[in-house]
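Visitor: What would the 3D arrangement of this be:
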Amino acid sequence: MPESIAIEVVFALPEQCWRAHLRVPANTTAGQAFDAARSSLPACPWPDAPSFGVYGKRCAAEHVLLDGERLEVYRALHIDPKDARRARAHALKRPR
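Guide: Numbering: from 1, shown residues only. Model prediction:
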């Protein structure tokens, strides 16, 4: 088993995306990788209580990362996507 692995930690806002390419010890968890990314990119507005995913699939903070994986840091949504769609559809309706 390798002593260290290469990972990428990604966080995105609507107007900007941050990426941290890190080399971390083997058996590093998603939570530990998040802490390492926060240290390497202090200017990024990291969320206080994030959710995580690996290549679009949700994972827990205790998930052990593998070499080459991309850890995605998710932020809380301000509005439910279904509610946003309903509001857009309602705004486009024309009176009959």
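Visitor: which residues in the chain form helices?
Guide: 30-40, 81-92 (DSSP state H).
Visitor: Pick the most buried one from those helices.
Guide: Most buried of the helices of the chain, by mean neighbour count (mean count of other CB atoms under 10 Å): helix 30-40, with a mean of 18. (C-beta placed from N, C-alpha, C; glycine too.)
Visitor: need the contact list for the residue most central in space within the chain.
Guide: For the chain, the residue nearest the mean C-alpha position is Val73 (1.6 Å; CA atoms, centre = their mean). Residues near Val73 by CB atoms under 8 Å, 6 or more residues apart in numbering: Val9, Val10, Phe11, Phe34, Ala37, Trp46, Pro47, Pro50, Ser51, Phe52.
Visitor: Tell me if I'm right that the last one and Glu69 touch.
Guide: The reference is to Phe52. No - between Phe52 and Glu69 there is no contact under CB atoms under 8 Å: 10.9 Å.
Visitor: higher neighbour count, these two?
Guide: The neighbour comparison of Phe52 against Glu69 (other CB atoms under 10 Å) goes to Phe52, with 22 against 19.
Visitor: re earlier: can you pick the most crowded of the contacts of Val73?
Guide: Most surrounded of the contacts of Val73: other CB under 10 Å gives Val9, at 28 neighbours.
Visitor: What sits closest to that one if chain neighbours are left out?
Guide: Ala37 (3.8 Å; CB to CB, 6 or more residues apart in numbering).
Visitor: could you measure the one you found against Glu3, distance?
Guide: The spacing between Ala37 and Glu3, counted by CB to CB, to the nearest Å, is 20 Å.
Visitor: again with Ser40
Guide: Distance, Ser40 to Glu3, using CB to CB: 19 Å.
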